[in-house]
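Asker: Take this sequence and fold it.
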Amino acid sequence: MAKTKFKVIAFYILLAPSVFASEYFVALKGIDTNPGTLAYPVRSIFKASEMAMPGDTVTILGGIYNLCKPFIPLRSGTSSHWILYRAMPGDSVIFDGSLISKVFQKGDSVKFSRLTHGIFQIEKVNYLRFENIEVRNSNSAGFIVRGPECKKIDLIGCWSDQSHNSGIGLWYCDSVRVLNCEITRSNDNADQYYEPGQRKRKEAPHEALSICGARHFEVAYNLIHHCYKEGIDCKEVSRHGVIHHNLVHDLPRQAYYADAWFGLLEDVEFHSNTAYNCVWGFGISVEGKDSELRNIRFHHNLIYNISGSGVLFGMWG
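Answerer: I've put the predicted structure just below:
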């Protein structure tokens with residue numbers, strides 16, 4: 001599937017490089033015993049993560065990198081010296097997860113989980129930015145940002161294609177931004193995701209972009225289309241976030257969803273978003289017993305060519 005470009009105008013603060021910062025390069029032709037220079041790059045992003053210190057940049061040259069295990073960043077940056085992982089400007093960088101579920105910790109008691117893992121598993125780290133990186137073919141999620149020990153994470157210009165779970169999932173993290181990303185073919189529940197004899201779930205877990213218990217988040221200028229369930233779902237006990245200037249189209253369910261599955265979901269704003277060719281435009285619901293929605297603001301959004309309701313209030317569950 002060709003990537004659809006979504007033209008946006010977005011502003012974000014660029015990190016001022018430190019005079020002591022280093023740049024490490026990853027390339028398919030590299031060797032992990034190399035020093036990580038452009039002339040002598042390393043082969044794996046795992047090795048580059050071991051080398052990168054606060055303020056450093058990891059630049060990945062173009063190509064398809066087949067992963068045998070999820071990438072889990074090793075080290076945090078600091079408030080003044082973030083660590084940047086990025087594609088080489090102008091290059092297409094793809095991390096393919098087709099092999100992960102087959103070989104990840106084979107024979108170990110810990111196995112790759114369709115519910116909690118992703119190709120990029122960002123947890124227990126802070127002050128990291130990921131730019132223009134594509135992940136595809138995940139038996140679970142594409143990108144997972146998982147707290148509670150995780151804050152100040154940026155996903156900018158990234159793309160997740162073909163995942164069983166969310167393309168991007170924000171789980172109980174703090175101060176995360178997802179800007180100008182694209183998600184396609186998420187929440188696929190095909191037989192390929194199940195082992196022979198394993199009972200198949202009724203449907204794939206979660207949504208294309210799932211915001212679950214996150215705080216102080218911004219989700220903006222993203223493109224989500226041709227997925228198998230909901231688009232952007234803000235749920236559980238998420239709070240203090242803004243979802244704006246996103247485009248969601250060609251989905252079989254809600255484009256946008258505020259879902260108090262349990263507990264209190266509060267202070268979330270949806271504005272300047274667009275949705276078309278979906279079943280519902282915006283769904284708002286309290287699904288669980290004693291769940292509550294408070295101060296959810298939905299304004300200046302455009303919803304059209306919807307087969308069901310433009311705005312739907314529900315009490316599912």
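Asker: From Leu74, how far out is Asp267?
Answerer: In this view, Asp267 and Leu74 are 34 Å apart by C-beta to C-beta, to the nearest Å. Quick note: C-beta positions are derived from backbone N, CA and C, even for glycine.
Asker: Oops, could you answer that again for Arg136 instead?
Answerer: The spacing between Arg136 and Leu74, counted by C-beta to C-beta, is 23 Å.
Asker: Compare these two (neighbour count), which wins?
Answerer: Neighbour count, other C-beta atoms under 10 Å: between Arg136 and Leu74, Arg136 has more, with 21 against 14.
Asker: Give me the pLDDT value at that one.
Answerer: Looking at Arg136, its pLDDT is 97.
Asker: That one reaches Asp161, doesn't it?
Answerer: Yes. With contact defined as C-beta atoms under 8 Å, Arg136 reaches Asp161; the gap is 4.3 Å.
Asker: For the two, list the residues in contact with both.
Answerer: Residues touching both Arg136 and Asp161 by C-beta atoms under 8 Å, 6 or more residues apart in numbering: Gly142.
Asker: what does whichever strand or helix holds Phe270 rub up against?
Answerer: In the assignment (DSSP states H and E), Phe270 maps to strand 264-271. The contact list for strand 264-271 (C-beta under 8 Å, 6+ apart) reads 234-244, 256, 258-259, 282, 291-301.
Asker: Pull out the buried residues from these.
Answerer: Among the contacts of strand 264-271, the ones that count as buried by 16 or more other C-beta atoms under 10 Å are 234-239, 241-244, 256, 258-259, 282, 291, 298, 301.
Asker: Mind checking which of those residues land in strands?
Answerer: Cys234, Lys235, Arg239, Gly241, Val242, Ile243, His244, Tyr256, Ala258, Asp259, Phe282, Phe298 (DSSP state E).
Asker: Go ahead and confirm the third one touches Arg215.
Answerer: In other words, Arg239. Yes. Using C-beta under 8 Å, Arg239 is in contact with Arg215, at 5.5 Å.
Asker: residue ranges of the strands in the stretch 1-150 of the chain, please?
Answerer: For the stretch 1-150 of the chain, the strands defined by DSSP state E, counting those that start in this stretch occupy 23-26, 57-60, 63-66, 83-87, 93-96, 118-123, 126-131, 134-138, 141-146.
Asker: would you turn the ones you listed into a markdown table with distance to Asp191?
Answerer: Listed next are the strands of the stretch 1-150 of the chain as a markdown table, based on distance: least, C-beta to C-beta, whole Å:
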| stretch | distance to Asp191 |
| --- | --- |
| strand 23-26 | 34 |
| strand 57-60 | 33 |
| strand 63-66 | 22 |
| strand 83-87 | 33 |
| strand 93-96 | 20 |
| strand 118-123 | 21 |
| strand 126-131 | 31 |
| strand 134-138 | 15 |
| strand 141-146 | 19 |
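Asker: Out of these, which gets nearest to Met315?
Answerer: Shortest distance between Met315 and the strands of the stretch 1-150 of the chain, using C-beta to C-beta, is found for strand 141-146: 27.9 Å.
Asker: elements contacting that closest one?
Answerer: strand 118-123, strand 134-138, strand 151-156, strand 159-163, strand 168-171 (3 or more C-beta pairs under 8 Å, 6 or more residues apart in numbering; DSSP states H and E).
Asker: and the angle from it to strand 126-131?
Answerer: Strand 141-146 and strand 126-131 are oriented at 160 degrees to each other (axes from the mean of the first three to the mean of the last three C-alpha atoms, to 10 degrees).
Asker: strand partners of strand 141-146, parallel vs antiparallel please.
Answerer: Neighbouring strands of strand 141-146 in its sheet, by DSSP bridges, are strand 118-123 (parallel), strand 168-171 (parallel).
Asker: how about the CA coordinates for that strand, as CSV?
Answerer: This file holds the C-alpha atoms of strand 141-146, laid out as CSV (Å, rounded to 0.1, in the frame of the first residue of the first chain):
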residue,chain,number,x,y,z
ALA,A,141,1.2,-3.1,18.0
GLY,A,142,3.4,-0.9,15.9
PHE,A,143,4.6,1.6,18.4
ILE,A,144,3.8,1.3,22.2
VAL,A,145,4.6,4.0,24.6
ARG,A,146,4.0,2.5,28.0
